[in-house]
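**Q** After the sequence you'll find the predicted model.
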Amino acid sequence: DSGVTQTPKHLITATGQRVTLRCSPRSGDLSVYWYQQSLDQGLQFLIQYYNGEERAKGNILERFSAQQFPDLHSELNLSSLELGDSALYFCASSLGTVSNQPQHFGDGTRLSIL
Amino acid sequence: AQKVTQAQTEISVVEKEDVTLDCVYETRDTTYYLFWYKQPPSGELVFLIRRNSFDEQNEISGRYSWNFQKSTSSFNFTITASQVVDSAVYFCALSVAGGTASKLTFGTGTRLQVTL
């Protein structure tokens, strides 16, 4: 058990809809990261938050947004969903922003767009 | 930009065989960190090891060992006496020091299948 909690585990929805994925980091971790794992793109970094502030953006679509709340949990919002958004979405957390700190991953949320 | 290449897409071995998973990385940064993660069939990503760019000592942990060679930009992972429970997809990843971000750049993964 990594200590990172992601909900829900599975999400099935239709094109055009909006969903929210939730992540609770490990106790004491201030950084939260979101990654997307798809068959064609592999594991791709989306966005990083540190103590409530956005720190870095990767290949995140404009239809996607995220935030980190004062209690450090984070939410990833995906809107106007397309078939290609079907993927496994991982949240990870680390102590701070130093690159040598391992990121510990949650079990992921599997999103299926019908 | 950083890049991680795992040329082996899939490897099949029989239990008790040794197997090496290759990882080659590219970065212009002089300080960087390399990681290996395991993704078993259940889907979660499990952290295995971290290596700093300035520490080329090899590391052994039980049946696992890692060989880091800066001269060839490689960070290979060997499983000795493989077991069925080692069946998983293994990812090599890279992050660089400095800046405000510490994102991981992943390779495409190597699927290891260990059979009886």
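**A** Sure, I can see it. Numbers count the residues shown, from 1 in each chain, chains lettered A, B, ... in the order given.
**Q** Give me every residue in chain A lying close to chain B.
**A** Residues of chain A lying near chain B by CB under 8 Å from any CB of the partner chain: A:2, A:31, A:33, A:35, A:42-45, A:48, A:50, A:55-56, A:58, A:88, A:90, A:92, A:94, A:97-108, A:110. For the C-beta atoms, the positions are set from N, CA and C on the backbone; glycine is no exception.
**Q** which residues sit against stretch A:6-20?
**A** Stretch A:6-20 has contacts (CB atoms under 8 Å, 6 or more residues apart in numbering or on different chains) with A:21-24, A:75-83, A:89-91, A:106-114.
**Q** if we go to 6 Å?
**A** Outside stretch A:6-20, the residues within contact range by CB atoms under 6 Å, 6 or more residues apart in numbering or on different chains are A:22-23, A:75, A:77-79, A:81, A:91, A:106-107, A:109-114.
**Q** Looking at neighbours, which among those is most surrounded?
**A** A:Cys91 (30 neighbours; other CB atoms under 10 Å in any protein chain shown).
**Q** Spatially nearest residue to that one (excluding sequence neighbours)?
**A** Of all residues not flanking A:Cys91 in the chain, A:Cys23 sits nearest, at 3.3 Å (CB to CB, 6 or more residues apart in numbering or on different chains).
**Q** which SSE is A:Ala66 in?
**A** strand A:64-68 (DSSP states H and E).
**Q** go on, B:Thr20?
**A** strand B:19-21.
**Q** Packing partners of the helix or strand following that strand?
**A** Sequence order places strand B:24-26 as the next helix or strand after strand B:19-21, per DSSP H and E. In terms of contacts (3 or more CB pairs under 6 Å, 6 or more residues apart in numbering or on different chains; DSSP states H and E), strand B:24-26 is packed against strand B:3-5.
**Q** From start to finish, how long is stretch B:1-12 in a straight line?
**A** 32 Å (CA to CA, to the nearest Å).
**Q** List the buried residues in it.
**A** Neighbour counts over stretch B:1-12 (16 or more other CB atoms under 10 Å in any protein chain shown) mark B:Gln2, B:Val4, B:Gln6, B:Gln8, B:Ile11 as buried.
**Q** Verify the stated contact: the third one with B:Thr105.
**A** No. Using CB atoms under 6 Å, B:Gln6 is not in contact with B:Thr105, being 11.9 Å away.
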